[in-house]
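Asks: With the input below, show me the fold.
(2 chains)
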Amino acid sequence: AQSVTQPDIHITVSEGASLELRCNYSYGATPYLFWYVQSPGQGLQLLLKYFSGDTLVQGIKGFEAEFKRSQSSFNLRKPSVHWSDAAEYFCADFSGGYQKVTFGTGTKLQVIP
Amino acid sequence: GAVVSQHPSWVICKSGTSVKIECRSLDFQATTMFWYRQFPKQSLMLMATSNEGSKATYEQGVEKDKFLINHASLTLSTLTVTSAHPEDSSFYICSAPVTFEAFFGQGTRLTVV
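Replies: Numbers count the residues shown, from 1 in each chain, chains lettered A, B, ... in the order given. Okay, here's the model as predicted:
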């Protein structure tokens, strides 16, 4: 069964610093990988997604993610974090179909001045 | 992108009462919608798949008589938590698939007292 691992439960970064959130997947074939952001009490907003093609994917709000098959990773990055980026981030694998979407446990991002 | 609207955003109810949560696709038709539950500090877990015009499909361990799902039209799915108890307190969120992507509602925070 596919699985998604987000090793970091909580990350704190200073405003203006760079950010990298880790995501590892276990699906053997090409996965359909997504990153979502969830602000407190809010639903999930899609940041970016990867199906195939260019392994560096650009998303909204200045985020990008790189798919690395050799490392089974799909890490989310942002060069300069803003205070408004404080939220919880979820990596998800849709390759099993919509009824078998696998979410990671999430990484909570705290941004300090 | 497509918009999924979920209502209410939060609700507090007394133990033993029932609560209805609505999920609407505002600018597209959704023959299928998904209901997730998220407990504190945990990831989203699929509860059930709502199918327009037919019975919902429930994940293992989810009580179908407790979590009633109705998908009466192509734009509306409802989740009713019947005879709610404090252990049902959670964050419930719906999503609708649109061409290799899933759009999420804002979520409903249910507190049963």
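Asks: hey, let's count contacts and neighbours off CA atoms from now on
Replies: Noted.
Asks: quick one: contacts for the closest residue to B:Thr82 other than its chain neighbours?
Replies: Spatial nearest neighbour of B:Thr82, excluding adjacent residues (C-alpha to C-alpha, 6 or more residues apart in numbering or on different chains): B:Ser18 at 4.3 Å. Residues near B:Ser18 by C-alpha atoms under 8 Å, 6 or more residues apart in numbering or on different chains: B:80-84.
Asks: same deal with A:Leu44?
Replies: Here A:Leu44 is in contact with A:36-38, B:103-106 (C-alpha under 8 Å, 6+ apart).
Asks: what's the closest of those residues to A:Pro79?
Replies: A:Val37 (16.8 Å; C-alpha to C-alpha).
Asks: The closest residue to chain A within chain B: neighbouring residues, count only.
Replies: Nearest residue of chain B to chain A: B:Gln106, at 3.7 Å (C-alpha to the nearest C-alpha). When neighbours are counted by other C-alpha atoms under 10 Å in any protein chain shown, B:Gln106 registers 24.
Asks: isn't it right next to B:Pro8, touching?
Replies: No - B:Gln106 is beyond contact range of B:Pro8, at 9.0 Å (criterion: C-alpha atoms under 8 Å).
Asks: For chain B, just list every one of the helices.
Replies: Read by DSSP state H, chain B holds no helices at all.
Asks: the strands in it, which residues?
Replies: Residue ranges of the strands in chain B, as given by DSSP state E, are B:4-7, B:10-13, B:19-25, B:32-38, B:45-51, B:57-58, B:67-73, B:76-81, B:90-97, B:102-104, B:108-112.
Asks: Okay then, goodbye and thanks.
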